Structures are given as C-alpha cells and as structure tokens.
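Colleague: Prediction below, plus the sequence it came from.
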Protein chains: 2
Amino acid sequence: MILQTGYEARMAIRKEDWTAPTPGLAPGYTQANLVILPKEYALDFFLFCQRNPKPCPVLDVTDPGSFQTVLFAKDGDVRTDIPRYRIYRDGVLEKEVLNIKDYWRDDLVAFLIGCSFSFENALTEAGVPIRHIEENVNVPMYITNIETIPGGMFSGPMVVSMRPIPADQVDLAVKITGMLPQVHGAPVHIGDPKEIGITDINNPDFGDAVTIKDGEVPVFWACGVTPQAAIMKVKPSFVITHAPGYMMIGDILDKELMIRC
Amino acid sequence: MILQTGYEARMAIRKEDWTAPTPGLAPGYTQANLVILPKEYALDFFLFCQRNPKPCPVLDVTDPGSFQTVLFAKDGDVRTDIPRYRIYRDGVLEKEVLNIKDYWRDDLVAFLIGCSFSFENALTEAGVPIRHIEENVNVPMYITNIETIPGGMFSGPMVVSMRPIPADQVDLAVKITGMLPQVHGAPVHIGDPKEIGITDINNPDFGDAVTIKDGEVPVFWACGVTPQAAIMKVKPSFVITHAPGYMMIGDILDKELMIRC
C-alpha cells in the first residue's frame, strides 16, 4: 500500500485498511498525540497545556462537539483517522477500539499534541543517532522532580524522554530541537540524571532502557506522557486517547514546524 | 515617580498612585491587552486565539475565578494592576473604572494578549522609524478582507495596524517582528492596501491617519483590536477590558519574547 501523504494515510486509516502503528507512514508529515475530554475538563486542560508548552505543545483543538480538525488536517475526523484508540472511564482503561464513532458525544473536545517523531526525523536528517530506533525499542521515559505549572485541576511532575547523544553533537541536537517548539522544543536537561530526580537511568518509568556509550551524554526532552499522567491523576469520568504508537497524521509537514530566523 | 520595573509600575497602579496611560512606563517590560470573560465564553475565546495567533497572541490566561496572573507577572492581580478598565454588558460600554474589585466574579477568566508596543520598541532600537509615534497620534487601524479562523462562537475580519516603512528597511522590519511571534509577529501584508480590502489608506477605521512619505511602503501587522471586535460581535452578557492605552505591565522583558535560532 502506497501511503505517501498525510491525506492518503488518514483515508486508509479511516476505511480501516490500515490498522497498524503509524511510525514510518507518510514520511515527513507531522504525527500527533490525541486527547479527547468532556467540555467540563477542556478549559482547565487547555490552561495546563498553555502553561507547559514543552511537554504539551498544542497543534490543534476542536470546537466542543465537533470531531473535525481545524489547523492540523483538512477534513480530519478525530473519530476515525487514528488506527487504534483507548477508552478510559474514571481513569480506568476500558478497551481499545479501531474507531470511536459509537463513543462520540456532543460535549467532547479533542486536543492534538505535538509528538517527538517530528524532532527525531529532524535529528536523523542532521546525522544525530537515535539510539532507541537503532536498538528497535521504545524510547526510555522517566518521571522527574521538575514540577509542571498547574492549570485548573491538572498538575503533576514532568515526564521526560532520554536520548544518548555523542558529546560533540549535543549543541547540534539542542539547536535543531530548539527550532521545533511545537514538538517539545529544546531539551529540558542535559547530563547528570540525578539533577532532575532520576536515580537509575537504566530503569526507566516507561519504555525501554537503551545503551549509553562512552563519550555520549544523556539528553532529556519534555515528553507527551506528561499531560496523559496529569489527566489520569484527575481520573476524569471519560477520556479517549490514541493507543501508544497509533498517531493521527496531519497535512502539516515536519519541516513547516521549523522556525527560521 | 521612578517606576523602572514591571513590578514597581504594577504596585503604583495597584495603589492608584499612577492612573495615567502606560506607554513609556517601566521601559523594556512587556505590556499586554486584557480581556476578561465569563467562563461560559472562555473556552471558545481560547480556541479563537489559538487558531489566530497573529492577531491574538496569548501571553497568559488565569484559572476560572482567579484574578492572579501565572506566567506574565509574579503576584499580578488583574483586578487592580491596570490603571483604567472598561466594563461592557451585552456588548454596550457601561463605564470606565480605576479597578474592578467590585466587579470581580467567581466565573471570570482573564486573558492577557500581546501588544504592538513590544515590537515597536524593537523596531525603534533597530533604527526603523515609527510614524505615529513621530507624529504623536494613535496608530492607524483598518478592517480587512482577511477572515480569521472562527473559534466556537467567535469570528470576524482581521483588523490590522499600519506603519509606513522606508523601502530599504522593510526586510529588517519583517525580520525583527518575525522574531516576536508572541506580540503579533511578522506583517500579514506589505504594500498595496487594496489587496486586503482597504479602499482609503488615509481614512482608517480606528486610530489616526499618518503621513506616508515618498519611498515608503505601507506595512500591515495583525492587531489586537481583532479579538475585541470578534467579542463585541457576540455581545457577551459581561466583558471587562483595559481602556485603550492603559495596559498591564508584566515581569517579562520584551527582549525575552524574541526567539533566537
């Protein structure tokens, strides 16, 4: 199946011709995390994101009750355009489904949040190695002692992802990701994991440990698990998210997210 | 009175020792527009701003019912830290007041929105002339044929401000304001006013006409009057704004808003 554009990928996913994870699909097009909440939680969550743009870079928000994306994808439908969703009630995972047409309600608001795939593509193109891709595992993620700024009912520690970077490429990695503020931006910490409350770098809270070679520095970026953790702490009556690795693909190119001065 | 920092200015304004307009106060500190709406309108207005960041660059939003700023100023109080407010009911101006302590309600949400003062300072420092300042009048503003992206109940045309720039400094003006996305960013139009629906450049919809000299190009920036016009079209039951020229002063420096790659 040739799915080269974001539009082609969304249409195949909408028809459930594509039900697998999305990495590698429609190369160059931006992929996003999805969080859907009832309206009663939406303003507070929007505040939380606005105050914490590094872990929660908002790419698009739907009108209350509308399942159509506005900025992220033309005619994007958040009910069908992701291959696999998770339904939560009162903070508990109820099930995974291929579409949420039967779950849609008039009070739901969908948030599309930038994802690290975009900056990993930019790093790869610049010749910076991405260890968890090389080792074919999930990126290691850690709960830190960095507190987010609370927004309404939402609060909690920042979760970070870690990539070991050769010491002579750290400045390049900082520069490239700093030019991508809508997909987590520059690192939040470089070097000693203990300074941000990580006691064992080989034992991540989420994802998998990766090899840190001699001459490499652990570099930490704000991670999209942060808003998910803040939401689950509140245990909202109803939440829908994408299933990990099954993202929404937009019409925006990763290159378009890069700020140029 | 020596009011050099944002904090000193806010404290003098809070005590009503300073009740005059704010331009020139606490030089270098960011000044912001204020819009306060009941919670029932807040999510839609937040959506409108998120979709139209050039006319509506959000610097800070308060928690519902809270009068304290979060990102813009330490211990900032939106009820007292502006010298003059406007109270609107059902879209009609009711009165101007020096503080809104008697008007505060538990359902209000305050939005602080970036203001062109910040980019005018940056242009002046780079040697780009600002005609309306030279001529000591208000900046000319025009309703255009550029439509904003609607957000919930809010919609309407983009309002722009115009500054005549010497032809050989237009690129500099674009570059400098482009580095300030949180205070309207790069121009939305350069040159022929008719292309954006302005029929008579000497007859602005708001503010005052200014001289355009030979060799100067009219340059148009998205203007903070855009969200005010979108709000007034809806005629919300209750709105509070700053009075024109009486802004809130933050702890952020204009220089800190400049993105650097």
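Modeller: That came through, no problem.
Colleague: For the stretch 51-200 of chain A, which residues are neighbours of chain B?
Modeller: A:51, A:58, A:61, A:63-64, A:70-71, A:109, A:149, A:151-152, A:175, A:178-179 (C-beta under 8 Å from any C-beta of the partner chain). C-betas here are computed from N, CA, C, even on glycine.
Colleague: so which of those residues is the most crowded?
Modeller: In terms of neighbour count, A:Val61 stands highest of these at 27 neighbours, by other C-beta atoms under 10 Å in any protein chain shown.
Colleague: now, the most widely separated pair of the residues of the stretch 51-200 of chain A next to chain B?
Modeller: A:Pro64 and A:Lys175 (39.0 Å; C-beta to C-beta).
Colleague: just for chain A, where's the confidence low?
Modeller: A:1, A:260-261 (pLDDT under 70).
Colleague: could you redo the last one with a cut-off of 90?
Modeller: Scanning chain A for pLDDT under 90 picks out A:1-3, A:23-24, A:117-118, A:121, A:138, A:244-245, A:258-261.
Colleague: Helices of that one, start to end?
Modeller: A:6-14, A:39-51, A:116-125, A:131-134, A:170-178, A:225-234 (DSSP state H).
Colleague: Out of the ones you listed, the one nearest A:Gly185 is which?
Modeller: Here helix A:170-178 is closest among the helices of chain A (C-beta to C-beta), at 6.1 Å.
Colleague: Tell me the spacing between the spatially most central residue of chain A and A:Val159.
Modeller: By C-alpha atoms, centre = their mean, the mean C-alpha position of chain A lies nearest to A:Cys115, the distance being 3.3 Å. For A:Cys115, the distance to A:Val159 (C-beta to C-beta, to the nearest Å) stands at 14 Å.
Colleague: now A:Ile231
Modeller: Distance of A:Ile231 to A:Val159, computed by C-beta to C-beta: 12 Å.
Colleague: And A:His189, by the same measure?
Modeller: Using C-beta to C-beta, A:His189 is found at 12 Å from A:Val159.
Colleague: any shared contact partners between those two?
Modeller: A:Thr144 (C-beta atoms under 8 Å, 6 or more residues apart in numbering or on different chains).
Colleague: which one is the residue of the stretch 1-150 of chain A found nearest chain B nearest to, not counting chain neighbours?
Modeller: For the stretch 1-150 of chain A and chain B, the shortest gap (C-beta to the nearest C-beta) falls at A:Leu43, measuring 4.7 Å. The spatial neighbour of A:Leu43 that comes closest, neighbours along the chain excluded (C-beta to C-beta, 6 or more residues apart in numbering or on different chains), is B:Leu43 at 4.7 Å.
Colleague: just to revisit the earlier point, just give the number of residues close to the residue of the stretch 1-150 of chain A closest to chain B.
Modeller: Per other C-beta under 10 Å, the neighbour tally for A:Leu43 reads 22.
Colleague: what's the answer for A:Asp106, then?
Modeller: By other C-beta under 10 Å, neighbour count at A:Asp106 equals 9.
Colleague: again with A:Phe119
Modeller: 27.
Colleague: List the residues that contact it.
Modeller: A:176-177, A:180, A:183-184, A:221.
Colleague: and the gap between it and A:Pro244?
Modeller: Distance of A:Phe119 to A:Pro244, given as C-beta to C-beta: 18 Å.
Colleague: Which stretches in chain A count as strands?
Modeller: Counting by DSSP state E, one finds strands in chain A at the ranges A:29-38, A:58-61, A:85-89, A:92-97, A:108-114, A:141-147, A:157-166, A:189-190, A:216-222, A:238-242, A:248-253.
Colleague: picking that back up, dump the contacts of A:Phe119 into CSV; add neighbour count as well.
Modeller: Shown next, in CSV, are those (neighbours: other C-beta atoms under 10 Å in any protein chain shown):
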residue, neighbour count
A:Ile176, 18
A:Thr177, 24
A:Leu180, 23
A:Val183, 26
A:His184, 27
A:Trp221, 25
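Colleague: dump the residue contacts of A:Cys56.
Modeller: A:48-49, A:113, A:224, A:226-227.
Colleague: which pair in those residues spans the largest distance?
Modeller: Of all pairs drawn from the contacts of A:Cys56, the greatest distance, 12.9 Å, lies between A:Phe48 and A:Gly224 (C-beta to C-beta).
Colleague: Of these two, give the one with the bigger neighbour count.
Modeller: Taking other C-beta under 10 Å, A:Phe48 and A:Gly224 do not tie; A:Phe48 has more neighbours (25 against 22).
Colleague: For the closest residue to the more buried one other than its chain neighbours, give its distance to B:Val92.
Modeller: The spatially closest residue to A:Phe48, leaving aside those adjacent along the chain, is A:Gly151, at 3.0 Å (C-beta to C-beta, 6+ apart). From A:Gly151 over to B:Val92 the distance is 33 Å, taken as C-beta to C-beta.
Colleague: Same check on A:Asp254?
Modeller: The gap separating A:Asp254 from B:Val92 is 48 Å, by C-beta to C-beta.
Colleague: Could you do A:Ala42 as well?
Modeller: Distance from A:Ala42 to B:Val92, counting by C-beta to C-beta: 30 Å.
Colleague: Give the residue from those two that has the larger number of neighbours.
Modeller: Using other C-beta under 10 Å, the more surrounded residue of A:Ala42 and B:Val92 is A:Ala42, with 24 against 9.
Colleague: Quick one: residues contacting that one.
Modeller: Per C-beta under 8 Å, 6+ apart, neighbours of A:Ala42: A:61, A:64, A:109, A:111, B:43.
Colleague: Who is the first one paired with across the strands?
Modeller: I take that to be A:Val61. Bridge pairing for A:Val61 (DSSP bridges) gives the partners A:Phe111.
Colleague: Off-centre distance for stretch A:48-61?
Modeller: On the basis of C-alpha atoms, centre = their mean, to the nearest Å, stretch A:48-61 sits 11 Å off its chain's mean C-alpha point.
Colleague: From one end of it to the other, what's the distance?
Modeller: This stretch, stretch A:48-61, spans 14 Å end to end (C-alpha to C-alpha, to the nearest Å).
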